[in-house]
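S.K.: My questions concern the predicted model and sequence given below.
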Amino acid sequence: MPAPEPRANSILLGHEAAEATLLDAVRAGRMHHAWLITGPEGVGKATLAYRFGRRLLAGTPTADSLALDPANPVFRRVAAGSHADLLTVERVVNEKTRRMKTQIAVDDVRRINGFMSLTPAEGGWRVVIIDGAEDLNQASANALLKVLEEPPPRAILLLVCAAAGRLLPTIRSRCRRLRLSALADQPMGQLMTQYLPDLNADERGRLVSLAEGSPGRAIMLAEEEGLAIAGMVDKLLAEVPAIPVARGYEIADALGRSETGFSTFMDLMRAGLAAAVRESVRGRADPEQQRLVALRPLDAWGDLWHGLTRLQDETERFALDKRQAIVAGIGMLSEPTRELA
């Protein structure tokens, strides 16, 4: 089964401490009016926010969990986006271009003030979830700040954010922060077994390794031929520094049929390099990682990683030729930086 959208996801693993913090706040009756839920992409931040929101809308929990039965009417209405006391703010599709907007619009944030000032339709709480709060622009961030400065009673704001440093300091200071970490292998394995039952155990294990504690990333990789692309990256790194000139064009041609192939390839190539350096520094590198890292000084690997990041960012931002970017990136990887002793 594919992972459901966060608003309809009843499963949350690996974040028991964060859930307990929220549960204690509900039971104690000392609820902060705004929570900032941070952590890496795809680890379950939005899933936790909706889990918390559903629990508030359904009433004070009696069990040691925020979980709500998927058959519960509140769960079903939240999943359908039809609960009168829940408002979700996030990036939306531009009706003119038919593409996802890059920022959260100020008009969407301004709706929050009116929504939160209303009496709860069902006598409980009014809940607002801002999913992707790092996408607020200056105008929408300032509009949100006004809401945070004068919070109405029985209303709570949940900010889901993967890059808290991009938020205004004045917004961060008015929220209680709850940080989620990458998942350990055990809960990651459980989730992969549940969400990706058609893959064999080795393939699921490989996804766990590639995703670095992010179930969302693992599922994305499974959907975007990530395992096949990871195999390309492994073969490529094994050839460094003697990469054949034609290899870049072969990989570019193979990825040309995939809409997301460029991003996945570049992400996995940078992740492979970072993992090799990280494990080498920790003294845990396998022989192939040791061989690779020995080819350059550590600071040179850092420069290369940043160069590849810049290449990917500029290619995606300015819609440049992805085929040429792949060739250029592989060229950067194969360039000698020093003579080996």
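M.R.: On my side now, so go ahead. Since we're looking at a predicted model, the values are computed, not measured.
S.K.: those helices in the stretch 1-150 of the chain, which residues are they?
M.R.: 16-28, 45-58, 73-80, 106-117, 138-149 (DSSP state H, counting those that start in this stretch).
S.K.: helices and strands around the longest one, which ones?
M.R.: It refers to helix 45-58. With contacts defined as 3 or more CB pairs under 8 Å, 6 or more residues apart in numbering; DSSP states H and E, helix 45-58 has these neighbours: helix 16-28, strand 34-38, helix 73-80, strand 126-131, strand 155-161. (Each C-beta comes from the backbone N, C-alpha and C, glycine too.)
S.K.: what's the spacing between it and its chain's center?
M.R.: The chain centroid and the centroid of helix 45-58 are separated by 18 Å under CA atoms, centre = their mean, to the nearest Å.
S.K.: tilt between that helix and strand 155-161?
M.R.: Computed by axes from the mean of the first three to the mean of the last three CA atoms, to 10 degrees, the angle separating helix 45-58 from strand 155-161 equals 170 degrees.
S.K.: Of all the residues in helix 45-58, which ones are buried?
M.R.: By neighbour count on 16 or more other CB atoms under 10 Å, the buried set for helix 45-58 is 45-58.
S.K.: ok, back up a step: nearest to G231, out of the helices of the stretch 1-150 of the chain?
M.R.: helix 45-58 (30.0 Å; CB to CB).
S.K.: Tell me how many other residues surround D202.
M.R.: Using other CB atoms under 10 Å, D202 has 9 other residues around it.
S.K.: Need the residues that contact the strand or helix carrying it.
M.R.: Element membership of D202, judged by DSSP states H and E, is helix 201-211. With contacts defined as CB atoms under 8 Å, 6 or more residues apart in numbering, helix 201-211 is touched by 42, 185, 188-189, 192-193, 196, 199, 217-218, 221-222, 226-227, 230, 268, 271.
S.K.: The residues you listed, buried ones only, as a ChimeraX selection?
M.R.: This is how ChimeraX selects the buried members of the contacts of helix 201-211, with burial counted by 16+ other CB under 10 Å:
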select :42,188,189,192,196,199,217,218,221,222,226,227,230,268,271
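S.K.: Doesn't M220 belong to a strand?
M.R.: No. Counting by DSSP: H, G, I helix; E, B strand; the rest coil, M220 is not part of a strand but helix.
S.K.: I'd like the helices of the stretch 1-150 of the chain written out as a markdown table, with distance to R177 added.
M.R.: Below are the helices of the stretch 1-150 of the chain laid out as a markdown table (distance: least, CB to CB, whole Å):
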| stretch | distance to R177 |
| --- | --- |
| helix 16-28 | 10 |
| helix 45-58 | 12 |
| helix 73-80 | 24 |
| helix 106-117 | 20 |
| helix 138-149 | 13 |
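S.K.: wait, which of these is closest to G329?
M.R.: helix 45-58 (30.2 Å).
S.K.: could you check the angle strand 34-38 makes with the closest one?
M.R.: 150 degrees.
S.K.: What lies in contact with helix 45-58?
M.R.: 6-7, 9, 11-12, 15, 18-19, 22, 26, 35, 37-39, 61, 66-68, 72, 74-75, 78, 83, 85-86, 122, 124-125, 127, 129, 131, 156, 158, 160-162, 180.
S.K.: how about it as PDB, C-alpha atoms only?
M.R.: Output in PDB follows, covering the C-alpha atoms of helix 45-58 (Å, rounded to 0.1, in the frame of the first residue of the first chain):
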ATOM      1  CA  LYS A  45       6.300  16.200  10.800                       C
ATOM      2  CA  ALA A  46       3.000  16.800   9.000                       C
ATOM      3  CA  THR A  47       1.800  13.300  10.000                       C
ATOM      4  CA  LEU A  48       2.400  14.300  13.700                       C
ATOM      5  CA  ALA A  49       0.700  17.700  13.200                       C
ATOM      6  CA  TYR A  50      -2.500  16.100  11.800                       C
ATOM      7  CA  ARG A  51      -2.400  13.400  14.500                       C
ATOM      8  CA  PHE A  52      -2.300  16.100  17.100                       C
ATOM      9  CA  GLY A  53      -4.900  18.200  15.400                       C
ATOM     10  CA  ARG A  54      -7.300  15.300  15.100                       C
ATOM     11  CA  ARG A  55      -6.900  14.500  18.700                       C
ATOM     12  CA  LEU A  56      -7.700  18.000  19.800                       C
ATOM     13  CA  LEU A  57     -10.800  18.100  17.600                       C
ATOM     14  CA  ALA A  58     -12.000  14.700  18.900                       C
END
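S.K.: Understood, closing this out.
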